[in-house]
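K.L.:
Sequence and predicted model, in that order:
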Amino acid sequence: MKMRKLIAGNWKMNGLIAQLDDVEEIASKIAIYPEVDTALCIPSTLIRPAAGRFPEMAIGGQDCHMASSGAHTGCISAIMLADAGARLTIVGHSERRAAQGESDADVCAKALAARSADLSAIVCVGETEAERDAGQAEAVVLGQLAGSLPDEATSEWVSIAYEPVWAIGTGRIPSIEDVAAMHGAIRNALTSRFGTDGAAIRILYGGSMNGDNAKSLLAVANVDGGLIGGASLKADKFLPIVEAAASAPR
Ligand SMILES: O=C(CO)COP(=O)(O)O
């Protein structure tokens, strides 16, 4: 199925107010690529200033609590993200699954909380290196997908990000064949669970995507965009990925 590519940045715990100058550069150039959807998931402290200064950019959060409010010191709810001007949020990133012990059921509840606040959700899945070496990559990823995606998921508000844990921040990426196999397996799982709409849910690849490898990754069947960490922090590293998405087959 032909679909618009989505290139989303994940700044993680990086970025002070001065770094909004990079967002300004990105925001001023994305109009050159109207065929690509772009988003930046930035620290919560920057959402309000970024959304106010760059209304043309889709600004997002990187996590949300499953509850809308309450006694959860240090947490942020989806409705708070939306109130600050976010249009989307990442949920279930492997760094949170590992460091905060988030389960598939937690991620599922967070995705539903995002939906309730009218946010889109990027739901992340991905295997560790040990799991891949043991030949379990596909089973792990499909298991995470089954548990992390709510039955209410539709292509309107959900994207998947396949991020092999061992490819994040390492400069290593899977072979093109392995990317094709995993994205194909995810696509099959989506269509068997959600029918024709499952064919329209975007599946992003994440993990060391950069201006040099984006073109070949984005040409793979069922790679409908990218979730970009390190290379999203600087406009001159992020924009070449958007450009590669603009010229990639749809
Ligand atoms: O974790 C990632 C995006 O969510 C990927 O990070 P890198 O692009 O820095 O490898």
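P.N.:
Nice, I can see it.

K.L.:
secondary structure class for residue 8?
P.N.:
State at residue 8, reduced to three classes by DSSP: H, G, I helix; E, B strand; the rest coil: strand.

K.L.:
quick one, what contacts it?
P.N.:
Applying C-beta atoms under 8 Å, 6 or more residues apart in numbering to residue 8 gives the contacts 38-41, 60, 88, 90, 122, 159, 161, 204, 225-228, 232. C-beta here means a position set from N, CA and C on the backbone, and glycine is covered the same way.

K.L.:
where's residue 132, which helix or strand?
P.N.:
In this structure, residue 132 sits in helix 129-133 according to DSSP states H and E.

K.L.:
After that helix, which helix or strand is next?
P.N.:
On the C-terminal side of helix 129-133, the closest following helix or strand by DSSP H and E is helix 137-148.

K.L.:
Can the very next helix or strand once past that following helix be said to contact the ligand?
P.N.:
Later in the chain than helix 137-148, the nearest helix or strand by DSSP H and E is strand 158-162. No: legend: contact between strand 158-162 and the ligand by C-beta under 6 Å from any ligand atom is lacking; minimum distance shown is 6.6 Å.

K.L.:
other SSEs contacting strand 158-162?
P.N.:
Using 3 or more C-beta pairs under 8 Å, 6 or more residues apart in numbering; DSSP states H and E as the contact criterion, the neighbours of strand 158-162 among helices and strands are strand 5-10, strand 120-125, helix 176-194, strand 202-206.

K.L.:
Throw those into TSV and include distance to residue 97 and mean pLDDT, thanks.
P.N.:
Shown next, in TSV, are those (distance: least, C-beta to C-beta, whole Å; pLDDT from 0 to 100):
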stretch	distance to residue 97	mean pLDDT
strand 5-10	14	98
strand 120-125	8	98
helix 176-194	17	98
strand 202-206	14	98
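
K.L.:
would JSON lines of these with distance to the ligand be doable?
P.N.:
What follows is these, written out as JSON lines (distance: least, C-beta to the nearest ligand atom, whole Å):
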{"stretch": "strand 5-10", "distance to the ligand": "4"}
{"stretch": "strand 120-125", "distance to the ligand": "7"}
{"stretch": "helix 176-194", "distance to the ligand": "14"}
{"stretch": "strand 202-206", "distance to the ligand": "4"}
